[in-house]
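Chemist: here is my input; please provide its structure:
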Amino acid sequence: MIEWLSDAATVVNALAVVVLVGVTWYYASVTRKILDESKKMRKAAEDQAISAAAQASTARATLEHLREQIDEIEGLGVSIVRAAIDSTVRSIEDWKRRDIRGNFAQAYAFPSSGDLIPENAHVVIEHARRISEECMALLTDAFSDLRSAQGEIESLKAGSDHPERRLGGFSPAEYDPAPFLAKAFSKLQKARQFV
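Modeler: Next comes the predicted model:
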């Protein structure tokens with residue numbers, strides 16, 4: 001019986017060794033698969049990091065390009081505002097020299113007062129807003145004064161054009177663009193300091 005027990009123990013021992021070899025092989029196989037998957041994940045993460053770095057580099061380059069464009073636009077905006085102010089100041093000076101009230105009899109022959117306000121006034125105002133809120137406010141007020149001056153000028157021109165108005169109830173003394181021109185001129189000079 002002892003012999004039988006010894007043979008059974010040998011068989012159990014052999015089976016245990018076979019099971020341990022199988023478990024070890026299975027463990028090694030699973031570990032290798034995990035290791036392979038880890039390598040694939042690491043490679044994918046590296047590729048993703050490289051891709052993210054490339055995207056970040058592209059984004060930086062795009063931002064730099066946009067900054068350059070913004071700087072260019074701001075520089076262009078300053079030039080636009082400066083040119084508008086300068087041309088408007090020259091127009092005001094021309095209208096002051098014309099002295100429409102002093103030359104009322106010939107006022108109908110004067111050119112249109114449309115040159116007092118730049119055609120692109122809304123663009124000028126928008127560029128001025130980017131420069132400074134105060135610059136924008138000064139230009140907005142100056143253009144408003146110039147609209148009032150235009151109304152006065154056009155009224156004087158219309159009154160001068162009809163002899164019956166000159167002899168009748170039209171009074172050129174009621175119309176005076178000079179104060180509006182002076183206020184606008186002053187505001188434009190202040191706005192010019194921003195550009």
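Chemist: what about residue 119, which SS state?
Modeler: Assigned by DSSP: H, G, I helix; E, B strand; the rest coil, the conformation of residue 119 is coil.
Chemist: and the gap between it and residue 84?
Modeler: 10 Å (C-beta to C-beta, to the nearest Å). Using the backbone N, CA and C atoms, a C-beta is placed for each residue, glycine as well.
Chemist: repeat that for residue 96.
Modeler: If you go by C-beta to C-beta, the gap between residue 96 and residue 84 works out to 19 Å.
Chemist: of these two, who's got more company?
Modeler: Between residue 96 and residue 84, residue 84 has the larger neighbour count (other C-beta atoms under 10 Å), namely 25 against 14.
Chemist: I'd say that one and residue 117 touch.
Modeler: No: using C-beta atoms under 8 Å as the test, residue 84 is too far from residue 117 to be in contact (9.4 Å).
Chemist: now residue 23: which helix or strand?
Modeler: Following DSSP states H and E, one finds residue 23 within helix 2-98.
Chemist: worst mean pLDDT across the helices and strands of this structure, which element?
Modeler: helix 163-167 (a mean of 55; mean pLDDT, DSSP states H and E).
Chemist: distance of the most centrally placed residue in the chain from residue 136?
Modeler: With distances taken as C-alpha atoms, centre = their mean, residue 70 lies nearest the centre of the chain, 7.0 Å away. Using C-beta to C-beta, residue 70 is found at 18 Å from residue 136.
Chemist: in stretch 89-102, what counts as buried?
Modeler: Within stretch 89-102, the residues that count as buried by 16 or more other C-beta atoms under 10 Å are 89, 91-92, 95, 98, 100-101.
Chemist: what of stretch 8-27?
Modeler: Neighbour-count burial for stretch 8-27 [16+ other C-beta under 10 Å]: no residues qualify.
Chemist: again with stretch 148-161
Modeler: Here stretch 148-161 shows 149-150, 152-157, 159-160 as buried, counting by 16+ other C-beta under 10 Å.
Chemist: any chance of a markdown table for these, columns pLDDT, distance to residue 132 and secondary structure?
Modeler: Below are these laid out as a markdown table (pLDDT from 0 to 100; distance: C-beta to C-beta, whole Å; DSSP: H, G, I helix; E, B strand; the rest coil):
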| residue | pLDDT | distance to residue 132 | secondary structure |
| --- | --- | --- | --- |
| 149 | 97 | 25 | helix |
| 150 | 97 | 26 | helix |
| 152 | 94 | 30 | helix |
| 153 | 94 | 30 | helix |
| 154 | 92 | 32 | helix |
| 155 | 90 | 34 | helix |
| 156 | 89 | 35 | helix |
| 157 | 90 | 36 | helix |
| 159 | 84 | 40 | helix |
| 160 | 82 | 41 | helix |
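Chemist: let me know the closest of those residues to residue 20.
Modeler: Set against residue 20, the nearest of those by C-beta to C-beta is residue 150 (104.1 Å).
Chemist: quick check: that closest one touching residue 114?
Modeler: Yes: using C-beta under 8 Å, residue 150 makes contact with residue 114 at a distance of 7.5 Å.
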